[in-house]
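Chemist: Structure, please.
(one chain, ligands or ions: 4)
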Amino acid sequence: MNQEKIVMVGNGMAGVRSIEEILNVRPDHFHITIFGTEPYPNYNRIQLSKVLQGDTTISDITLNDWNWYEDHDIKLYSGETVVHINTKEQFVQTNKERSVSYDKLIIATGSLPFIIPVPGSDKEGVTAFRDIQDCEKMIDCSKVYKKAAVIGGGLLGLEAARGLLNLGMTVDVIHLTDCLMDRQLDETASKMLKKELEKQGMKFLMNKQTAEIIGGDRVEAIRFGDGEVIDADLVVMAAGIRPNTGLAKESGIEVNRGILVNDYMETSIPGVYAVGECAEHREVVYGLVAPLYEQGKAMAAHICSEQAPGYEGSVLSTQLKVSGVDVFSAGEIVEDEETKTIKMFDDWKGVYKKIIIRDGKMTGAVLFGDTSEGSKLLRLINKRANVEEYMGTEEAAESMVATMADSELVCGCNGVTKGTITEAIKKIGLTTFEEVKACTGASRSCGGCKSLVVDILAHTLGDEFEKEDQKEPVCGCTTLSRDDVVEAIREKGLTYTREVMNVLGWKTEDGCSKCRPALNYYLGMINPVEYEDEKESRFVNERMHANIQKDGTYSVVPRMYGGVTSADDLRKIADVADKYEVPLIKVTGGQRIDLFGVKKEDLPDVWADLGMPSGYAYGKTLRTVKTCVGESFCRFGTQDSIGMGIAMEKKFERIGTPHKVKMAVSACPRNCAESGIKDIGVVGVDGAWEIYVGGNGGTHLRAADLFCKVTTNEEVMEMIGAFLQYYREDAAYLERTSVWVERVGLDHIKEVLADKATRDALNARIAEALSVTKEPWKEVIESEKIRKELYETVRVTK
Ligand SMILES: Cc1cc2nc3c(=O)[nH]c(=O)nc-3n(C[C@H](O)[C@H](O)[C@H](O)COP(=O)(O)OP(=O)(O)OC[C@H]3O[C@@H](n4cnc5c(N)ncnc54)[C@H](O)[C@@H]3O)c2cc1C
Ligand SMILES: NC(=O)c1ccc[n+]([C@@H]2O[C@H](COP(=O)([O-])OP(=O)(O)OC[C@H]3O[C@@H](n4cnc5c(N)ncnc54)[C@H](O)[C@@H]3O)[C@@H](O)[C@H]2O)c1
Ligand code: SF4
Ligand code: FES
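Modeler: Residues are numbered from 1 along each chain as shown. Ligands and ions are numbered 1, 2, ... in the order given. Reported below is the predicted structural model:
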């Protein structure tokens, strides 16, 4: 058969997806040649954010591997750029002097990152964030340098900033206006987002116009229009993108902002199509994959001479890929005189919801804090549903899934339809969300479609759907949940992280920054006596036994049991501060003294001179026990809160926990030590102690729940020991008690710990774990090897 020749310029997401669509319709009809500048097969560019954030690896983001091209008889020239198109004689020429003729040409050249044209933007250390090379550049840089600046507070900039924080860098985000994600969010959501990201450690410089990148060959600082200068070792430009139209333009194809196309993605030249971010359709250039995949489908149908409707444009929806921050927006985001809105704002819980209605139809939505309704809202906005349809109940979600056509897109990021999901569930017998994700690719990227995927699973399985089975995997390296992994470690007697990964079929060889510390914790929790802590699996602060600060120096917090100090200790602290020229001495919220600005190489000497135990201000363990002054001096106090606090701190210090644990003891319900917002809070009441659990005074403010009331000091210790050990054994790594208590329920915890034998067993296990803990600063002082390895080298690698 004489095959028609398709040549495609650009081997990216939109282009290759279009080729897949063509192969679906007419598998053997075309001879296909693809040119791609990048030296890789087609990969999921979206996932680069997750690679930078340490949730997945480059090897895991390939969408079509080399074999795929071979299996489909596609000639791929990777690492080769098309430099000219001869539209008259229908052939392309490349930078390797190759000419290939075509019957149909697809231009899928994507976008170019916008590098703001200021002096110094070509210096070493200035990068875009667009491809694998940029990603690798940033990861390498973080191993040597500490201060990053990201220009642009849009989706890309914020995802990059989160990644750089994960890599141990300090991050300044520089933004042009006073609203982050100004193209996707309204002012309220934008402000909430900023607050949340500040809590994660990002610093923002708003309303800033970059004027110059300063340095020698390499960037050293940034100067702004207002004259301010900030230091920077790495500058990431994330100030938007521009359609990559140069090749089309110089080949005589009509170009405006993008390459002009009609509803079938045909350009001004017959036989030449354009698809993806390089194309401009009805005056819109898209920069998200969901619309680009729709374009690809319409174009493929036309190329295959199928009767199908053309592409009519898309409603845009976005979801930020930063863990711990849920933001979603779709369609219209700002109201005007002709719109009405449904708004919900819960400042306490940090949840905001706005739905925009125009002429009774839903046209847009902004969600912050809880985005579980995102994909449902998108669907309603897409079909301009009446607002009444949204105001339904739970059954409405059920019936919505039932009325969805099989061809409807569920996961825009990965182009997965309802039909693909239901077919996989039925044919392969999938029963959990994670299985559907692994098998169909749905929900692999931004995760915004998760609730819809779960609804489809529930609808397809009917009575066989088990809510409890829908567990989250530990990370992208495995489909196993925390419970599966802990159970396997116990059952199979696994003893080190690599072994867990090998035996449990991890997808990556070395795991990732999410699973390595988690496995290290689970192994130590299960087998405290024999397990040898893998220091290299810990986060940088825990490895260094000090908190790294934004300027690369460290802070030192010695322990001060119950917040009580002495003249001797204060003198030692003062002497150390003088000797090492500590720039800031500050009393902390946990009633101790923090020495800021200590140089890494001075840390062991500072600790030796102090001669005090570590306050573990950096660790996943007991931080402090805050106490009120209590009966000794306060006229309201009836109990010895200081004595109780010191006893608790001495007993439980150094114990490894899933996340940090803070405690407090107040000697009366006036609660001067703030026992009501601690993980464990003790309050003296007439002749008894009340114990509160699951409080949190941080990001997600939560009042602690009353757990029990006991009369003796021994009972306080027994209940706290049992609670703490149960939390150690049951919670997921990085789950605070506040989240854990809400998840498993206070009643459940009370029920488990009501049994004296269970409490005794838990206390015996925590005592065993405590018996092998060591004072970390002392260990460093005494070990020449650790001092050399960790504190005397220049680099801190993650
Ligand atoms: C870090 C990051 C995170 C993102 N996250 C999301 C997200 O969560 N959700 C979302 O919807 N979108 C996201 N995007 C955007 C999404 O990745 C793009 O919309 C999508 O990749 C565009 O596809 P495309 O095929 O048009 O362009 P590309 O994927 O850029 O592919 C174009 C390819 O063409 C090649 N090329 C260009 N010119 C030539 C030439 N002359 N010869 C040969 N080859 C050439 C380029 O090298 C490139 O490989 C993200 C983007 C980035 C960078
Ligand atoms: N989660 C997601 O969906 C996701 C993630 C990453 C990237 N993307 C896509 O990738 C593309 C690029 O993302 P982006 O965030 O760069 O684009 P963007 O245009 O959405 O955001 C760029 C931001 O930079 C700001 N800016 C512009 N010039 C500036 C300057 N001189 N100084 C400081 N700030 C400046 C703008 O105000 C804007 O908010 C977009 O199409 C985006 O949709 C999507
Ligand atoms: S909590 Fe009660 S006892 Fe303690 S200092 Fe405050 S008022 Fe006094
Ligand atoms: S819509 Fe982003 S992962 Fe499904």
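
Chemist: gap between stretch 618-635 and the chain center?
Modeler: 34 Å (CA atoms, centre = their mean, to the nearest Å).

Chemist: Is it in proximity to ligand 3?
Modeler: Yes: using CB under 6 Å from any ligand atom, we find that stretch 618-635 touches ligand 3 at 628, 629, 630, 634. (Each C-beta comes from the backbone N, C-alpha and C, glycine too.)

Chemist: Which positions in that stretch come out as buried?
Modeler: 618-631, 634 (16 or more other CB atoms under 10 Å).

Chemist: and after the helix or strand of the chain with the lowest mean pLDDT, which helix or strand comes next?
Modeler: When the helices and strands of the chain are compared on mean pLDDT, DSSP states H and E, helix 394-403 comes out lowest with a mean of 67. Sequence-wise, the next helix or strand downstream of helix 394-403 (DSSP states H and E) is strand 409-411.

Chemist: by contact count, what packs against the next helix or strand after that following strand?
Modeler: Sequence-wise, the next helix or strand downstream of strand 409-411 (DSSP H and E) is strand 416-417. Counting contacts by 3 or more CB pairs under 8 Å, 6 or more residues apart in numbering; DSSP states H and E, strand 416-417 packs against strand 409-411.

Chemist: Return the list of strands paired to the strand it packs on, each annotated with direction.
Modeler: Its sheet considered, strand 409-411 pairs with strand 416-417 (antiparallel) by DSSP bridges.

Chemist: So the next helix-or-strand element following the strand it pairs with, near ligand 4 or not?
Modeler: Towards the C-terminus, the helix or strand next in line after strand 416-417, according to DSSP H and E, is helix 418-428. No: judged by CB under 6 Å from any ligand atom, helix 418-428 and ligand 4 are separated, with a smallest distance of 11.0 Å.

Chemist: Could you quantify the relative orientation of the next helix or strand after helix 418-428 and helix 418-428 as an angle?
Modeler: Per DSSP H and E, the first helix or strand lying C-terminal to helix 418-428 is helix 433-440. Interaxial angle, helix 433-440 versus helix 418-428 (axes from the mean of the first three to the mean of the last three CA atoms, to 10 degrees): 100 degrees.

Chemist: Tell me how far the residue of the stretch 251-400 of the chain at minimum distance from ligand 2 lies from residue 112.
Modeler: Nearest residue of the stretch 251-400 of the chain to ligand 2, counting by CB to the nearest ligand atom: residue 287, 2.2 Å away. Residue 287 is 12 Å from residue 112, where distance means CB to CB, to the nearest Å.

Chemist: Can you list the helices and strands that the host helix or strand of residue 502 packs against?
Modeler: Using DSSP H and E, residue 502 maps to helix 497-503. Counting by 3+ CB pairs under 8 Å, 6+ apart, the packing neighbours recorded for helix 497-503 are helix 482-492, helix 515-526.

Chemist: Can you tell me what sits against the shortest one?
Modeler: Okay, so that is helix 482-492. 471-472, 474, 478, 480, 494, 500, 503-504, 518-519, 522-523, 526, 732-733 (CB atoms under 8 Å, 6 or more residues apart in numbering).

Chemist: hmm, back to that, go through the helix holding residue 502 and flag the buried ones.
Modeler: Buried-residue list, helix 497-503, by 16+ other CB under 10 Å: 497, 498, 500, 501.

Chemist: Could you list the low-confidence segments of this protein?
Modeler: 1, 392-399, 468-470, 793-798 (pLDDT under 70).

Chemist: before we move on, back to that, would you turn the buried residues of helix 497-503 into JSON lines with distance to ligand 2?
Modeler: Output for those, formatted as JSON lines (distance: CB to the nearest ligand atom, whole Å):
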{"residue": "497", "distance to ligand 2": "31"}
{"residue": "498", "distance to ligand 2": "33"}
{"residue": "500", "distance to ligand 2": "31"}
{"residue": "501", "distance to ligand 2": "29"}
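
Chemist: that older thread, more neighbours, residue 287 and residue 112?
Modeler: Each of residue 287 and residue 112 has its neighbours counted (other CB atoms under 10 Å); residue 287 has more, 19 against 16.

Chemist: sorry, back to before: just the buried members of the contacts of helix 482-492?
Modeler: Going by neighbour count (16+ other CB under 10 Å), the contacts of helix 482-492 have 471, 474, 478, 480, 494, 500, 504, 518-519, 522-523, 526, 732-733 buried.
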